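Student: Prediction below, plus the sequence it came from.
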Amino acid sequence: MSNLNIIQGAYEAFAKGDVPGVLGILSPDIAWTEAAGFPYAGTYNGPNAVLEGVFMRLGTEWEGFSAVPAEFVDGGDTIVALGKYSGTYRATGKSFEADFAHVWKLQDGKAVSFVQYTDTLLVDRSLHD
């Protein structure tokens, strides 16, 4: 399976709510970086940190949060996904939509790095009344 197929499969798993399927492609040493200004900004090291710091919060704090890729750029060991986020923040009832770029780096069929780029202001506006 190519690195591109692995990352495409991760987005398909995320869309179905298959969090173990997404975590399964992460290296034990994954460095997962959420953009500065994003609600979960920072770097999470290891799949469990990603689960607790990002995925569990997305699942409990948002209604219908999605990350839908529209295009993939295959750079071999580096895969870039371009797409759109959307969701409604439960605490405010406000929704948002924002473009994203995700840069994945893979080694031996596992993601060792993930970096998120997005317009964090669009997300932040949904967090406040």
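Tutor: Here it is on my side, so go on.

Student: CA atoms only: put the longest helix along the chain into CSV for me.
Tutor: If you go by DSSP state H, the chain has its longest helix at helix 3-15. The C-alpha coordinates for helix 3-15 follow below in CSV (Å, rounded to 0.1, in the frame of the first residue of the first chain):
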residue,chain,number,x,y,z
ASN,A,3,1.7,6.3,1.5
LEU,A,4,-0.9,8.1,-0.5
ASN,A,5,-3.3,5.2,0.0
ILE,A,6,-2.6,5.1,3.7
ILE,A,7,-3.4,8.7,4.2
GLN,A,8,-6.5,8.5,2.0
GLY,A,9,-7.6,5.6,4.2
ALA,A,10,-7.1,7.7,7.3
TYR,A,11,-9.5,10.4,6.1
GLU,A,12,-12.1,7.7,5.1
ALA,A,13,-11.8,6.2,8.6
PHE,A,14,-12.2,9.6,10.2
ALA,A,15,-15.3,10.4,8.1
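
Student: Spell out the residue ranges of the helices in this structure.
Tutor: Secondary structure of the chain by DSSP H: the helices cover 3-15, 19-23, 47-50, 56-61, 120-125.

Student: Run a quick neighbour tally on the residue nearest to Asp124 when sequence neighbours are not counted.
Tutor: Computed as CB to CB, 6 or more residues apart in numbering, the closest residue to Asp124 that is not its neighbour in sequence is Gly37, at 6.7 Å. (Glycine included, C-beta is placed from N, CA and C.) Gly37 has 12 neighbours, counted by other CB atoms under 10 Å.

Student: next one: Asp124
Tutor: Asp124: 14 surrounding residues under other CB under 10 Å.

Student: Please report how far it lies from Ala41.
Tutor: Distance from Asp124 to Ala41, counting by CB to CB, to the nearest Å: 11 Å.
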